[in-house]
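1. This is a predicted model, with the sequence first.
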Amino acid sequence: MKISGSIYSDKQRPLQKVIQDLVGHQIDLLHVDCNDSLEVFKDIENIRTWCNTPIDLHIITNDPEKFFPYLKKHPVEYITFQYEDLTGPLNIPSEIKGKKGLAVTTPTNVDVFAEFEYMDFILIMATIPGKSGGVFDQHNFSKIRQFRKRYPRKSIHVDGGVNAEVSFILRNMGVSSSVSGSYLFSEASIGNALMNLTQREIHSHYCIKDFMTPLAEAPAIKLEGASTKSMLQCVEDGKMGFALILGEKSELIGLVSSADIRKALLKKIDTPSSITLKDLINHQPISIQGKATVNDLLKKIKSCPFPIMYLPVINDYGNAIGIVNFTHLIKGEI
């Protein structure tokens, strides 16, 4: 996951000093907030003389057309327009290069992206835009999952309240870029903050149930009445490479993954018609409690002698309540 440093979050130093510090610590992107002011392009022009780090421009305006000539003259690598401030269609000229995105605040449903499917990414504002130092609203975990499911080929960027723990969770969910402002500049140094944002050892405040894929959104099938075909179809339709196997009261009985299916086929390759449900189900999958912390999750993963791609989440009674899917972690690092 790329880290985009919000250049205006440091109010104490001249802009050039801030840029030099960020670039010196190998920041991935320079996040430039623009609240309906063309003056921002003077800063962009200066930044281009100071470094060649990609610019991540976030424009909040009800008159995007006035920015088009300046975007042609001063092209940037990423351009985002704030959805809530738009009053009409956003017809970006083809001459304007760079990846384009739509920013939405927490209350705005990701359904609005349907009008902007030509764009490359969505920017989810997890705190109130313009207010530095806000706390990440965990409702946005659900929005990230919804958008990922609907638009698997689009990138997801997040801005607001991203600290070390939230950064770990976002990487796990496949987020491509996160904006860091107050956290980046409030630490002892930018280097220390960047290390925290990318490290694997973090302090926990969120529980697994806060960001897992809930049972209602996960491929799952009741064992009673299931057939080999229906179970395989559940894995296929879920498009996640697995299916949870449940009892009548949603107790976790097991897991069927693509690897389990492959093992069953190899075991009975000469008589595939003899494959039964028993052959397909892993009756002892590694699982984790929903109230466990992110640190508990990391310890669980490290203690396993084999790689874990899917981790069922259960409650105190052994009922399945969701799953953590680690395949999105790879997407977020590309």
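-> Looks like it came in fine. What you see is a predicted model, and the numbers here were worked out from it, not measured in a lab.
2. Break down the stretch 51-200 of the chain into its helices, ranges please.
-> Per DSSP state H, counting those that start in this stretch, the stretch 51-200 of the chain carries helices over the ranges 68-73, 139-150, 164-172, 182-186, 190-198.
3. Between those helices, which has the poorest mean confidence score?
-> Here those differ in mean pLDDT, and the lowest is helix 190-198 at a mean of 60.
4. State the next helix or strand along the chain beyond it.
-> helix 208-211 (DSSP states H and E).
5. who's in contact with that next one?
-> 138, 141, 169, 172-173, 288-294, 296-297, 313, 321-322, 324 (C-beta atoms under 8 Å, 6 or more residues apart in numbering). Glycine gets a C-beta too; all of them are placed from N, C-alpha and C.
6. Any buried residues in stretch 264-274, and which?
-> Ala264 (16 or more other C-beta atoms under 10 Å).
7. Quick one: neighbours of Glu224, just the number.
-> For Glu224, the neighbour count with other C-beta atoms under 10 Å is 9.
8. I'd like the distance from it to Lys249, if you could.
-> 11 Å (C-beta to C-beta, to the nearest Å).
9. just Cys234 next, same as before
-> Going from Cys234 to Lys249 by C-beta to C-beta gives 19 Å.
10. who has more neighbours, those two?
-> Neighbour count, other C-beta under 10 Å: between Cys234 and Lys249, Cys234 has more, with 18 against 9.
11. now that one, what's its secondary structure?
-> With DSSP: H, G, I helix; E, B strand; the rest coil as the basis, Cys234 sits in helix.
12. Which pLDDT value goes with it?
-> Per the predicted model, pLDDT is 93 at Cys234.
13. before we move on, what about the one 5 residues further on?
-> The predicted local distance difference test score for Lys239 is 84.
14. check contacts around it.
-> Pro219.
15. which phi and psi does it have?
-> Lys239 adopts backbone torsions of phi 60, psi 30, taken as degrees, to the nearest 10.
16. So which residues of the stretch 1-150 of the chain form strands?
-> In the stretch 1-150 of the chain, the segments counted as strands under DSSP state E, counting those that start in this stretch are 2-6, 29-35, 55-60, 78-82, 99-105, 121-125.
17. what's the span of stretch 69-85, first residue to last?
-> One end of stretch 69-85 sits 20 Å from the other (C-alpha to C-alpha, to the nearest Å).
18. how distant is that stretch from the center of its chain?
-> 23 Å (C-alpha atoms, centre = their mean, to the nearest Å).
19. What residues of that stretch count as buried?
-> Leu71, His74, Pro75, Val76, Tyr78, Ile79, Thr80, Phe81, Gln82, Tyr83, Asp85.
20. In this structure the second one contacts Asp43, no?
-> No: checked against C-beta atoms under 8 Å, the pair His74 and Asp43 is beyond contact range at 9.9 Å.
21. ok, Asp33 to Asn109 distance?
-> 23 Å.
22. now do His31
-> Plainly put, His31 is 24 Å away from Asn109 if you go by C-beta to C-beta.
23. And Asp28, by the same measure?
-> Using C-beta to C-beta, Asp28 is found at 29 Å from Asn109.
24. So, low pLDDT: which residues of this protein?
-> 128-133, 186-204, 327-334 (pLDDT under 70).
25. quick one, domains of it?
-> 2-203, 211-326 (automatic domain parsing).
26. What is the end-to-end distance of the last one?
-> Taking C-alpha to C-alpha, domain 211-326 runs 12 Å from one end to the other.
27. on that earlier part again, between His31 and Asn109, which one's more packed in?
-> Counted by other C-beta under 10 Å, His31 and Asn109 do not tie: His31 has more neighbours, with 28 against 9.
28. Identify the bridge partners of the more buried one.
-> Beta bridges link His31 to Ser6, Asp56 when assigned by DSSP bridges.
29. Go through stretch 286-304 and flag the buried ones.
-> Buried, per 16+ other C-beta under 10 Å, within stretch 286-304: Ser287, Ile288, Gln289, Gly290, Ala292, Thr293, Val294, Leu297, Lys300, Ile301.
30. Kindly report the same for stretch 138-153.
-> Result for stretch 138-153 [16+ other C-beta under 10 Å]: buried residues Gln138, Asn140, Phe141, Lys143, Ile144, Arg145, Phe147, Arg148, Tyr151.
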